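Asks: Just a sequence and a predicted model for now, questions to come.
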Amino acid sequence: MTTRQVEHTITVEAPAAAVYRLIAEVENWPRIFPPTLYVDHVARGAGEERIRIWATANGEAKNWTSRRTLDPGSLRITFRQEVSTPPVAAMGGTWIIEPLSETSSRVRLLHDYRAVDDDPEGLKWIDEAVDRNSRSELAALKTNVELAHASEEITFSFEDTVQIAGVAKDVYDFVNEAGLWVERLPHVASVRFSEDAPGLQTLEMDTRAKDGSTHTTKSYRVVFPHHRIAYKQVTLPALMTLHTGYWTFTENAGGVAATSQHTVVLNTANIAAVLGPDATVADAREYVRSALSTNSRATLGHAKDYAENKR
């Protein structure tokens with residue numbers, strides 16, 4: 001069996017301990033790494049954990065489970081995929097963070113992998129995916145770590161919750177069945193929806209804004225029946241450089257609390273072009289929050305009608 005070993009490095013203007021912490025805390029990954037859609041913990045122990053990762057590779061959405069060993073003392077994190085997705089037969093590696101000074105560090109990302117049946121075409125596909133993802137991960141890591149000490153006002157999260165006199169499954173079904181939104185939601189003009197792998201969806205849609213303009217967005221969604229749908233938008237409006245979020249459906253004494261959560265990073269370079277030369281970051285925050293909340297509340301309102309009529 002042929003095992004390929006590769007290394008990618010980048011220098012980051014941030015303390016090594018801060019870089020290590022960002023990589024160690026996997027819930028941040030969709031905000032740090034462009035290919036990562038969603039990560040959750042399967043199991044956690046002292047210095048060991050199992051995580052499940054949903055990410056894109058060469059434009060295809062994949063998911064896998066990895067074991068990680070965390071060593072904060074030596075600023076190393078080793079990882080190994082438990083069950084890899086073809087054409088990958090095995091995949092693992094190590095993050096190594098090396099202090100260069102009090103304010104800068106070198107990040108080394110090591111990979112070792114094999115292709116199913118040592119297939120040359122499979123190995124070539126993995127080579128390209130690892131190279132592309134490693135470069136984008138490290139570039140994004142550098143950007144996001146270095147921005148972490150800058151203004152936090154351009155990154156914000158918020159949520160809207162609607163109480164529904166129904167059951168979680170019905171509300172979940174309404175949000176899950178996004179292919180039907182063009183018939184069910186007035187603000188959705190058209191939808192391209194697919195679920196090529198169970199629980200992993202691609203949703204592209206044209207939505208109408210309050211001013212009558214239409215915006216095209218594309219998201220990958222990871223669904224957990226019947227309590228959570230997480231997503232990451234990959235085609236973004238001009239005012240955002242990042243948009244992740246999730247829908248949650250929590251049963252309670254009155255029925256179900258349905259929540260839409262958003263995390264956004266503003267694209268400050270486009271504020272003047274979109275909102276005018278005098279617009280501020282605060283104006284952009286308010287505009288984006290209002291636009292996203294309006295659509296979320298509309299969707300939750302229709303989901304409420306749907307679920308309550310099912311009773």
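Replies: Here it is on my side, so go on.

Asks: where in this structure is pLDDT low?
Replies: For the chain, the stretches flagged by pLDDT under 70 are 148-152.

Asks: hey, where'd the helices end up in it?
Replies: 16-24, 29-32, 120-148, 168-176, 181-184, 271-275, 281-310 (DSSP state H).

Asks: quick check: angle from the third one to helix 16-24?
Replies: Using axes from the mean of the first three to the mean of the last three CA atoms, to 10 degrees, one finds that helix 120-148 and helix 16-24 are set 130 degrees apart in direction.

Asks: Then the fourth one?
Replies: An angle of 110 degrees separates the directions of helix 168-176 and helix 16-24 when computed by the same axes, to 10 degrees.

Asks: now helix 168-176, how far from the chain's geometric center?
Replies: 21 Å (CA atoms, centre = their mean, to the nearest Å).

Asks: domain parsing for this protein?
Replies: The chain breaks down into these domains under automatic domain parsing: 4-148, 153-310.

Asks: Could you dump the ones you listed into a markdown table and include mean neighbour count?
Replies: Every residue, glycine included, has its C-beta placed from N, CA and C. Shown next, in a markdown table, are the domains of the chain (neighbours: other CB atoms under 10 Å):
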| stretch | mean neighbour count |
| --- | --- |
| domain 4-148 | 16 |
| domain 153-310 | 17 |
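
Asks: I figured residue 240 hits residue 287, correct?
Replies: No: counting by CB atoms under 8 Å, residue 287 is not a contact partner of residue 240; they are 10.7 Å apart.

Asks: returning to what we had before: the helices of the chain into CSV, with extra columns for distance to residue 231?
Replies: Formatted as CSV, the helices of the chain follow (distance: least, CB to CB, whole Å):
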stretch, distance to residue 231
helix 16-24, 22
helix 29-32, 9
helix 120-148, 18
helix 168-176, 10
helix 181-184, 13
helix 271-275, 23
helix 281-310, 12
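
Asks: Nearest to residue 58, out of these?
Replies: helix 120-148 (5.1 Å; CB to CB).

Asks: ok, now which ones touch the residue lying closest to residue 154 once chain neighbours are set aside?
Replies: Of all residues not flanking residue 154 in the chain, residue 266 sits nearest, at 4.3 Å (CB to CB, 6 or more residues apart in numbering). Contact partners of residue 266, counting by CB atoms under 8 Å, 6 or more residues apart in numbering, are 154-155, 239-241, 281, 284-285, 288.

Asks: Can you tell me how far residue 245 is from residue 66?
Replies: Distance of residue 245 to residue 66, computed by CB to CB, to the nearest Å: 24 Å.

Asks: neighbouring contacts of stretch 206-215?
Replies: By CB under 8 Å, 6+ apart, the list of residues contacting stretch 206-215 from outside reads 186-191, 216-217, 237, 291, 294-295.

Asks: Same question for stretch 293-302.
Replies: Contact with stretch 293-302 is made by 158, 160, 162, 174-175, 181, 184-187, 207, 210, 258, 260, 262, as judged by CB under 8 Å, 6+ apart.

Asks: of all the contacts of residue 266, which comes closest to residue 118?
Replies: residue 241 (40.4 Å).

Asks: Now do the contacts for the closest one.
Replies: With contact taken as CB under 8 Å, 6+ apart, residue 241 is in contact with 265-267.

Asks: do residue 114 as well
Replies: Residue 114 touches 1-4, 88-90, counting by CB under 8 Å, 6+ apart.

Asks: try residue 127
Replies: By CB under 8 Å, 6+ apart, the contact set of residue 127 is 4, 6.

Asks: now it: how far from residue 79?
Replies: 19 Å.

Asks: swap in residue 53?
Replies: 10 Å.

Asks: Please enumerate the shared neighbours of these two.
Replies: In contact with both residue 53 and residue 79: residue 66, using CB under 8 Å, 6+ apart.

Asks: re the thing from before, in strands only, show me the contacts of residue 114.
Replies: Secondary structure from DSSP state E places 4, 88-90 of these in strands.
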